[in-house]
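K.L.:
I'll drop the sequence and a predicted model, then ask my questions.
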Amino acid sequence: MKSINSEQHEKNLAYGQIFKNLRISKGFTQAEASRNIIAPTHLSNFENGRTMVSVNHFFDLLQNINVNMFEFQNTLNQYLKKRDILLFNIEMANALVENNPSKLRRIVKELYHQLNSQTDENNIKLKLDYIRAKSTLSYIDNDYSVSKEEIAFLENYLFHLSEWGQYDIALLGQCAKFIDLISLMQLTKNMLSPFQDSIGIPYIKQAVIQTVLNIIDIYEKHNAYNSAKKLIKYLEDYDIHDYYMFEKLTLIYSRAKCEHHDGDKKAIKIMNKCQSIFEFCDCSQTANWIDLEIKKL
């Protein structure tokens with residue numbers, strides 16, 4: 001097993017290598033990338049793993065090659081993929097949409113072995129990753145669920161957040177069905193607080209939309225239609241961009257479900273139309289889920 005120091009050294013080397021790869025891919029020389037920030041020789045030492053750069057210099061260097069921190073982090077995760085198997089927002093979401101339980105079982109199994117092989121019992125992120133993976137798998141494999149102890153651990157983490165990032169928002173969305181409705185309502189309110197610094201970031205906004213849609217679905221399944229309507233109104237006022245057509249269509253479908261519950265006979269036609277559009281767009285998994293829901297109604 002690698003020591004913490006050797007793993008950190010490996011990651012330090014990766015920072016410089018990833019920056020170098022991105023710089024070259026963008027067509028910048030070392031002199032252009034380091035302009036007005038550090039000496040080109042310092043940048044060369046950083047790229048070759050001989051030294052590190054300060055955080056403020058690193059952010060400025062990224063700006064000089066037209067790369068944001070989110071793009072850099074994603075590239076770093078891909079580079080370290082043998083050690084970082086998570087990449088949840090892509091890998092797990094794809095497995096769920098593809099209805100691929102074997103892929104999700106592999107992730108759960110690897111996380112389980114990581115948890116049981118490590119000596120650090122306070123690895124909060126790894127425990128959350130494991131809970132999140134199990135919860136995601138439970139959507140397509142009923143043999144998997146999340147224990148009461150794991151839910152208590154999850155809620156304790158979420159209730160202590162004062163700033164919700166993309167990871168936290170997705171974590172709530174994927175584990176929401178195991179949280180009791182009262183706690184879920186309070187956590188949703190906390191997540192949607194307008195006083196958070198990251199609320200306006202585009203990928204944060206998309207994560208919020210996806211999580212709120214998932215929570216609306218949970219409310220409707222528990223007949224908590226008043227709570228569902230409040231979140232539907234929230235998203236209608238959220239001004240969802242046309243880029244997010246899947247999310248906009250899902251919102252229309254969710255609103256129609258509420259209207260059907262209120263006795264609107266026209267709502268079922270809207271739901272059927274949504275299903276047809278999903279089928280037309282080759283979103284077969286979603287179209288099948290909708291078909292089953294409509295038949296139950």
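P.N.:
Good, I have the coordinates.

K.L.:
Which elements pack onto the lowest-mean-pLDDT helix or strand in the chain?
P.N.:
The least trusted helix or strand in the chain, going by mean pLDDT, DSSP states H and E, turns out to be helix 88-97, with a mean of 72. Taking 3 or more C-beta pairs under 8 Å, 6 or more residues apart in numbering; DSSP states H and E as contact, the helices and strands that helix 88-97 lies on are helix 101-117, helix 124-138, helix 166-175. From N, CA and C alone the C-beta is placed, and that goes for glycine too.

K.L.:
which of the ones you listed is buried the deepest?
P.N.:
Compared across the helices and strands packed on helix 88-97, helix 166-175 shows the largest average neighbour count, a mean of 22 (mean count of other C-beta atoms under 10 Å).

K.L.:
can you list the residues that contact it?
P.N.:
88-89, 92, 128, 131-132, 135-136, 146, 151, 154, 158, 161, 179, 187-188, 191, 203-204, 207-208, 210-212, 214-215 (C-beta atoms under 8 Å, 6 or more residues apart in numbering).

K.L.:
show me where pLDDT drops low in this protein?
P.N.:
For the chain, the stretches with pLDDT under 70 are 1-8, 81-89, 119-122.

K.L.:
what ranges do the strands span in it?
P.N.:
With DSSP state E, there are no strands along the chain.

K.L.:
Residue ranges of each domain in it, please.
P.N.:
Listed by automatic domain parsing, the domain ranges of the chain are 4-79, 146-296.

K.L.:
what's the closest of those to Leu111?
P.N.:
domain 146-296 (12.2 Å; C-beta to C-beta).

K.L.:
quick revisit: which of the contacts of helix 166-175 are buried?
P.N.:
Buried members of the contacts of helix 166-175, counted by 16 or more other C-beta atoms under 10 Å: 88-89, 92, 128, 131-132, 135-136, 146, 151, 154, 158, 161, 179, 187-188, 191, 204, 207-208, 210-212, 214-215.

K.L.:
Tell me how many other residues crowd the closest residue in space to Ser227 that isn't next to it in sequence.
P.N.:
Spatial nearest neighbour of Ser227, chain neighbours left out: Tyr219 (4.7 Å); criterion: C-beta to C-beta, 6 or more residues apart in numbering. By other C-beta atoms under 10 Å, 25 other residues sit near Tyr219.

K.L.:
go on, the one 5 residues further on?
P.N.:
Residues contacting Ala224 under the criterion other C-beta under 10 Å number 17.

K.L.:
Likewise for Leu61?
P.N.:
Leu61: 20 neighbours (other C-beta under 10 Å).

K.L.:
which residue of the chain sits farthest from its center?
P.N.:
Residue farthest from the centre of the chain, counting by C-alpha atoms, centre = their mean, is Thr41 at 38.1 Å.

K.L.:
got the contact list for the closest residue to Phe153 other than its chain neighbours?
P.N.:
In space, and not counting its chain neighbours, Phe153 is closest to Lys127: 6.3 Å by C-beta to C-beta, 6+ apart. Lys127 is in contact with 115, 150, 153, counting by C-beta under 8 Å, 6+ apart.

K.L.:
And Leu62, by the same measure?
P.N.:
Counting by C-beta under 8 Å, 6+ apart, Leu62 touches 19, 68-69, 72.
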